[in-house]
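Asks: coordinates only, sequence not included:
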């Protein structure tokens, strides 16, 4: 399974970066091949200072070795080996009318001393972080997610949307990082879902990413914006940074397994503001967004 999924994310990375380069029209992804001393490595691709994308990364990795003691405690296991692979992407557009997007699809295995698999699972998802809320964009993104889910289980969308709203939440701010999407983890073999079934589900969600995001970018990338709206985008980016450094499990896993720092912190935007006690104007589009982030919406059935 690990070889099959790693081959899949290699192809998905190629498809996503090619499409995003065509949309940007100015710059291309710079590729960085890296190796991890303990085992494995990855292929980082970063785009910067383009017509559309101020900064973004679409990275794949496959790492293996001894599971660090800090992670042994987290997973409640002893001295075991592990393999983890996945694709992780974050895109920060320049125009505040275009939302930031994040996605991740991953596979994990653990082994005993005899090299036998003692546990394995899939995880992943995709979520949208707008700075100005266009409700039809939110509906489109969520409907695309739901369609991918419904092809495998009619309960998946509702279940994994709720988990996304719960996970991507800045508890110290009492607000969501964005308007959500899907989040699933520890997807293991069961009576109703084999690992092949989970592979089919996760790869269909991965394949849906461009359909979910690209039409939004195309629709909003040329919209006019003011300096005040750009400042608001940078303030909201600060909340994004806070989540990734304080709460995000993927970031923490990378740091605790001696991951490549440049690739791990690729998700951070280049221009960010932290304005003391900033409050949006009453009745403004900015306040509208904040109210939505505090109270998640069913975008498909609203």
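Replies: Structure received. Every value quoted in this text rests on a predicted model; they were computed, and no experiment measured them.
Asks: quick one: buried residues of stretch 132-149?
Replies: 132-134, 137-138, 140-142, 144-146, 148-149 (16 or more other Cβ atoms under 10 Å). Quick note: C-beta positions are derived from backbone N, CA and C, even for glycine.
Asks: Just to be careful, could you list which of those residues are in helices?
Replies: 137-138, 140-142, 144-146, 148-149 (DSSP state H).
Asks: before we move on, the earlier item: determine which two of the buried residues of stretch 132-149 are furthest apart.
Replies: Farthest pair in those (Cβ to Cβ) is 132 and 149. Separation: 27.0 Å.
Asks: Just the closest of the buried residues of stretch 132-149 to residue 226, please.
Replies: Nearest member of the buried residues of stretch 132-149 to residue 226, counting by Cβ to Cβ, is residue 132, at 11.2 Å.
Asks: Thought residue 97 was touching the closest one, still the case?
Replies: Yes - applying Cβ atoms under 8 Å, one finds residue 132 in contact with residue 97, separated by 5.5 Å.
Asks: ok so, going back, please identify which of the buried residues of stretch 132-149 is nearest to residue 32.
Replies: Looking across these and measuring by Cβ to Cβ, the closest to residue 32 is residue 141, at 29.3 Å.
Asks: residues contacting that closest one?
Replies: 128, 179, 181, 212-213, 216, 299 (Cβ atoms under 8 Å, 6 or more residues apart in numbering).
Asks: How much space separates it from residue 132?
Replies: 15 Å (Cβ to Cβ, to the nearest Å).
Asks: Next: residue 7.
Replies: Distance, residue 7 to residue 132, by Cβ to Cβ: 39 Å.
Asks: any idea which helix or strand carries residue 200?
Replies: In this assignment (DSSP states H and E), residue 200 forms part of helix 195-220.
Asks: ranges for the helices of the stretch 1-150 of the chain?
Replies: 2-24, 69-75, 135-150 (DSSP state H, counting those that start in this stretch).
Asks: One more: the stretch 201-302 of the chain?
Replies: Going by DSSP H, counting those that start in this stretch, the stretch 201-302 of the chain shows helices at 227-246, 249-256, 261-264, 285-294.
Asks: and the ones you listed as a markdown table, adding mean neighbour count, distance to residue 158 and mean pLDDT?
Replies: As requested, those are exported to a markdown table (neighbours: other Cβ atoms under 10 Å; distance: least, Cβ to Cβ, whole Å; pLDDT from 0 to 100):
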| stretch | mean neighbour count | distance to residue 158 | mean pLDDT |
| --- | --- | --- | --- |
| helix 227-246 | 18 | 23 | 95 |
| helix 249-256 | 16 | 22 | 78 |
| helix 261-264 | 16 | 31 | 80 |
| helix 285-294 | 16 | 19 | 96 |
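Asks: that older thread, next, format the helices of the stretch 1-150 of the chain as JSON lines and append distance to residue 167 and mean pLDDT.
Replies: Listed next are those as JSON lines, based on distance: least, Cβ to Cβ, whole Å; pLDDT from 0 to 100:
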{"stretch": "helix 2-24", "distance to residue 167": "21", "mean pLDDT": "98"}
{"stretch": "helix 69-75", "distance to residue 167": "16", "mean pLDDT": "81"}
{"stretch": "helix 135-150", "distance to residue 167": "14", "mean pLDDT": "98"}
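Asks: Can you check which of these gets nearest to residue 292?
Replies: Closest to residue 292 of those is helix 135-150 (Cβ to Cβ; 8.6 Å).
Asks: Could you list the buried residues of the helix or strand just after that closest one?
Replies: Downstream of helix 135-150, the next assigned helix or strand under DSSP H and E is helix 156-167. Neighbour counts over helix 156-167 (16+ other Cβ under 10 Å) mark 156-157, 160-161, 163-165, 167 as buried.
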